[in-house]
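# fold the following.
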Amino acid sequence: MFEVASFAKLWVPFCWKHSVEPRAPESYFGVKRRVYTGSMQEEFMSDHRRVRREYQEFKVRIDSLFNTIYQRSEAYNRKNSKEDGVKATWMADGTQWPGTWIEQAESHRKDSMLELSRNVDMRLPMLVYLSREKRPGYNHQKKAGAMNAMLRVSALPSNAPFIINFDCDHYINNSQAFRASMCFMLDPRDGQNTAFVQFPQRFDDIDPTDRYANHNRVFFDGTMLSLNGLQGPSYLGTGTMFRRAALYGMDPPQWRVDNINVVDKAKQYGRSTLFVHSMLDGVNQERSLTPVFLEESVSNELTTLMTCAYEDGTSWGRDVGWVYNIAMEDVVTGFRIHRQGWRSIYCSIEAAAFRGTAPINLTERLLQVLRWSGGSLEMFFSHSNACLAGPRMHPLQRIAYLNMSTYPIVTIFILAYNLFPVMWLISEQFYIQRPFSSYILYLVAIIAMIHVIGMFEMKWANITLLEWCRNEQFYMIGATGVYPTAVLYMLMKLITGKGIHFRLTSKQTEACSNDKFADLYVVRWVPLMIPTIAVLVVNVTAVGVAIGKVATSGMSTDQGQHAMLGMVFNVWILVLLYPFALGIMGHWGKKPAILFFMLVMSISTVAVMYVTFHATYTEWSEIATSLGKAGLLAGSSG
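Numbers count the residues shown, from 1 in each chain. Next up is the predicted model:
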């Protein structure tokens with residue numbers, strides 16, 4: 001962090017001077033040519049070369065820290081081992097830590113730590129490094145716990161009325177995003193009742209075809225945008241500007257009493273008097289903000305706010321701050337805010353406000369969706385069920401949250417429908433609604449309506465046909481394997497009472513290759529792939545059997561016509577599962593022609609086997625019939 005702060009003293013003035021966008025140096029220097037938008041063209045090239053050279057040296061220092069720290073620590077240990085036996089990389093609790101401290105210092109022995117930078121250059125913001133206390137036996141609540149600690153601690157140094165958060169793998173791509181969100185927050189019409197502004201998630205390094213629908217444009221630019229007509233979009237965990245008062249659990253102005261009394265509610269906020277008294281001041285969005293240099297008494301109070309036991313007996317994690325003990329803490333936190341009567345805004349700007357990384361590996365993508373769908377079901381079976389929301393929530397907003405928390409259950413029927421061909425693979429009977437023509441008309445009308453809605457989505461959300469198709473494909477992949485697994489996990493939790501553990505998504509490329517998208521072709525087998533593989537096998541077999549039935553009975557017969565109609569359904573399922581089939585092929589998936597060849601060979605093999613079996617079965621049936629007739633004739637002659 002000190003290295004970053006040191007480089008920032010050079011980077012931030014450079015950005016201000018030359019209107020640099022984006023202000024993430026890795027992304028900025030990654031593009032060879034950019035249009036200059038500043039006002040000092042004559043100085044830009046020399047400044048650019050100097051800053052780029054300093055950035056390259058900065059990266060080298062960061063990358064070498066691991067070895068440098070080890071070498072310096074070992075040198076220190078060899079020098080001082082005979083004196084006191086204290087190792088430079090040992091923490092105060094006796095555990096070894098490969099950290100940066102060479103000398104033991106009193107500040108390093110604290111369980112929690114707060115460091116503030118004091119910059120003379122006013123163009124640089126105050127940098128605060130926060131290390132909250134962690135102890136064995138305490139649930140530290142992961143990301144939500146870290147943000148709640150930050151919410152409390154930030155109340156004393158700055159107490160800004162607005163807070164923005166985004167994931168560690170995201171960066172600011174457009175500095176005007178702050179101004180755009182503030183326009184909604186300060187809108188004199190209804191801005192005071194706006195709790196947060198949600199930006200869409202945009203990603204770098206996605207493969208050009210977006211095989212696993214990482215961009216998810218239908219959800220971000222369709223569903224989230226449409227919720228602006230109600231109380232607004234749900235909170236998505238990153239790229240969000242919050243109003244501090246909403247995070248404190250206060251009611252919006254339209255539902256709030258004139259005099260806010262937080263002192264009487266001190267128990268739900270904790271035992272810090274300074275923090276409780278700062279809350280009303282933090283609600284005031286009109287006051288000016290200046291960096292605060294903290295006195296020793298205030299610094300001691302900050303240490304108290306970072307302790308593990310501070311939240312014991314309070315409302316933190318339920319009615320105050322980010323919500324705990326649920327996989328979808330972001331959506332549930334937004335739900336709690338909407339339930340209190342606040343509204344939110346979806347804001348999309350060009351260039352994208354924030355950009356980040358996404359898992360392009362099939363396994364990691366499936367595990368990510370499993371965590372989301374499992375968390376959605378947890379939300380439905382918790383006190384955050386939309387049916388339990390009070391009268392302040394808009395009725396249609398309630399339905400939107402219900403849909404958000406129950407969609408994995410509905411997909412059980414999709415899985416069953418995709419396995420339906422098993423019924424007629426082992427039988428000559430076709431289980432189709434009668435009269436057949438009415439059934440076909442009904443089916444065509446439903447499918448046509450779905451695609452008309454899709455065209456409206458594409459036009460309204462300004463997405464491409466490929467993006468819409470990828471969304472449909474990955475929905476089918478999730479519906480056949482991921483969502484049923486999430487339902488199974490939820491049933492286990494309801495029966496056993498044990499919580500659901502979902503591993504965090506890994507977005508780092510592990511493949512050793514110079515290929516930018518090497519991770520796209522890495523396969524790691526997990527059990528939730530089994531249902532989707534079963535659907536693939538069943539539908540490939542169904543297509544082969546259908547072709548075999550047409551070959552044996554002819555197209556003019558009812559059996560042949562029904563088989564061909566069934567085959568259309570099976571082929572459509574295979575088209576939707578095409579990205580999954582490529583994914584499980586690993587490195588062979590680089591050549592889709594191989595997949596096509598394998599499908600053709602598999603279908604042909606099944607068709608030949610069916611024709612052979614049918615011919616053999618027919619021949620044996622004729623022999624049996626002949627023997628039966630011969631037996632009857634012999635009996636009658638006797």
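
# which residue ranges of the stretch 1-150 of the chain form helices?
2-18, 25-30, 41-80, 142-153 (DSSP state H, counting those that start in this stretch).

# looking at those helices, which one is packed in the most?
Here the criterion is mean neighbour count by mean count of other Cβ atoms under 10 Å, and of those the winner is helix 142-153, at a mean of 20. C-betas here are computed from N, CA, C, even on glycine.

# need the contact list for Arg392.
Counting by Cβ atoms under 8 Å, 6 or more residues apart in numbering, Arg392 touches 255, 339-341.

# run the last query once more with 10 Å
By Cβ atoms under 10 Å, 6 or more residues apart in numbering, Arg392 lies in contact with 231, 251-252, 254-255, 338-342.

# want to throw those residues into JSON lines with pLDDT and neighbour count?
Shown next, in JSON lines, are the contacts of Arg392 (pLDDT from 0 to 100; neighbours: other Cβ atoms under 10 Å):
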{"residue": "Gln231", "pLDDT": "93", "neighbour count": "25"}
{"residue": "Asp251", "pLDDT": "88", "neighbour count": "16"}
{"residue": "Pro252", "pLDDT": "90", "neighbour count": "20"}
{"residue": "Gln254", "pLDDT": "86", "neighbour count": "12"}
{"residue": "Trp255", "pLDDT": "82", "neighbour count": "12"}
{"residue": "His338", "pLDDT": "95", "neighbour count": "30"}
{"residue": "Arg339", "pLDDT": "94", "neighbour count": "20"}
{"residue": "Gln340", "pLDDT": "92", "neighbour count": "20"}
{"residue": "Gly341", "pLDDT": "93", "neighbour count": "20"}
{"residue": "Trp342", "pLDDT": "94", "neighbour count": "25"}
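
# out of those residues, list just those in helices.
338-339 (DSSP state H).

# by mean pLDDT, flag the weakest helix or strand of the protein.
Taking mean pLDDT, DSSP states H and E as the measure, strand 113-116 is the helix or strand of the chain with the lowest mean score, a mean of 61.

# would you mind saying which of the helices of the stretch 1-150 of the chain lies nearest His587?
Proximity to His587, assessed across the helices of the stretch 1-150 of the chain by Cβ to Cβ, is greatest for helix 25-30 (26.6 Å).

# would you mind listing the outside residues contacting the closest one?
Against helix 25-30 from outside (Cβ under 10 Å, 6+ apart): 7-8, 11, 14-15, 20-22, 24, 34, 48, 51-52, 54-56, 58-59, 171-173, 204, 355.

# now that helix: average pLDDT?
Averaging pLDDT along helix 25-30 gives 88.

# check stretch 362-378 too.
89.

# that one: which residues count as buried?
Residues 362-378 are the ones in stretch 362-378 that count as buried (16 or more other Cβ atoms under 10 Å).

# inside helices: which ones of those residues?
Cross-referencing those against helices under DSSP H gives 362-378.

# how many residues are close by Arg23?
17 (other Cβ atoms under 10 Å).

# now do the strands in the stretch 201-350 of the chain.
Using DSSP state E, counting those that start in this stretch, the strands of the stretch 201-350 of the chain run over 202-203, 240-243, 343-346.

# looking at those, which is nearest to Ala309?
For Ala309, the closest of the strands of the stretch 201-350 of the chain is strand 240-243, at 25.7 Å, according to Cβ to Cβ.

# partners of the closest one in the sheet?
strand 162-165 (antiparallel), strand 194-198 (antiparallel) (DSSP bridges).

# direction included, what does the helix or strand immediately after the shortest one in the chain pair up with?
Just to be clear, that refers to strand 162-165. Remark: after strand 162-165, the chain's next helix or strand is strand 170-172, criterion DSSP states H and E. Strand pairing for strand 170-172, using DSSP bridges, gives strand 354-356 (antiparallel).

# which residues touch the partner strand?
Strand 354-356 is contacted by residues 22, 24, 27, 164, 166-174, 177, 199-205, 238-240, 507 when judged by Cβ under 10 Å, 6+ apart.
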